[in-house]
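Colleague: Here is the input, now give the coordinates:
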Amino acid sequence: MVVTEELVEKSLSKLKSDKSPGPDGLHPMLLRETADHIAYPLTKIFQASIREGIVPDDWKKANIVPIYKKRTQNRSRKLQTDISH
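Modeller: Reported below is the predicted structural model:
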């Protein structure tokens, strides 16, 4: 896997600014607006992680929110899916 500064900056610039912050508390709008400044250091961090084969525990965390289907006449609420945001 090759991680380039251009790839990181492009990925950051595609973040949806109307989404909630993740477990790190950083709002996607902040990451998106500062993409050109933070892409280089993030690239170095990602490359080191790949090179060393270590994924920090914090990167494995996510906020999981259940999404329920609408109620039907004869059915109770059913879990549609879990999403991570």
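Colleague: Contacts only, for E5.
Modeller: 39-40, 43 (Cβ atoms under 8 Å, 6 or more residues apart in numbering). Where C-beta positions appear, they are placed from N, C-alpha and C, glycine not excepted.
Colleague: Out of those, who's the most crowded?
Modeller: A39 (20 neighbours; other Cβ atoms under 10 Å).
Colleague: Report the secondary structure element holding it.
Modeller: helix 35-52 (DSSP states H and E).
Colleague: For that helix, name the packing helices and strands.
Modeller: helix 5-13 (3 or more Cβ pairs under 8 Å, 6 or more residues apart in numbering; DSSP states H and E).
Colleague: Ramachandran coordinates for I67?
Modeller: phi -120, psi 120 (degrees, to the nearest 10).
Colleague: From K44, how far off is the spatially closest residue to L42 that is not a sequence neighbour?
Modeller: Spatially, and ignoring its direct neighbours in sequence, L42 is nearest to V8 (5.2 Å; Cβ to Cβ, 6 or more residues apart in numbering). Using Cβ to Cβ, to the nearest Å, V8 is found at 10 Å from K44.
Colleague: which of those two has more neighbours?
Modeller: Between V8 and K44, V8 has the larger neighbour count (other Cβ under 10 Å), namely 21 against 13.
Colleague: what's the pLDDT at the more buried one?
Modeller: V8 is assigned 97 on the pLDDT scale.
Colleague: go on, T72?
Modeller: At T72, pLDDT is 61.
Colleague: Likewise for Y68?
Modeller: 82.
Colleague: Quickly list what it is bridged to.
Modeller: Beta-bridge partners for Y68, by DSSP bridges, are L79.
Colleague: Could you list the low-pLDDT ranges of the protein?
Modeller: In the predicted model of the chain, residues 71-85 satisfy pLDDT under 70.
Colleague: The same query, at a cut-off of 90, please.
Modeller: For the chain, the stretches with pLDDT under 90 are 1, 17, 20, 22-24, 58-85.
Colleague: Spatially, what comes nearest to M29 if we skip its sequence neighbours?
Modeller: Here the residue nearest M29, using Cβ to Cβ, 6+ apart, is S17, at 3.9 Å.
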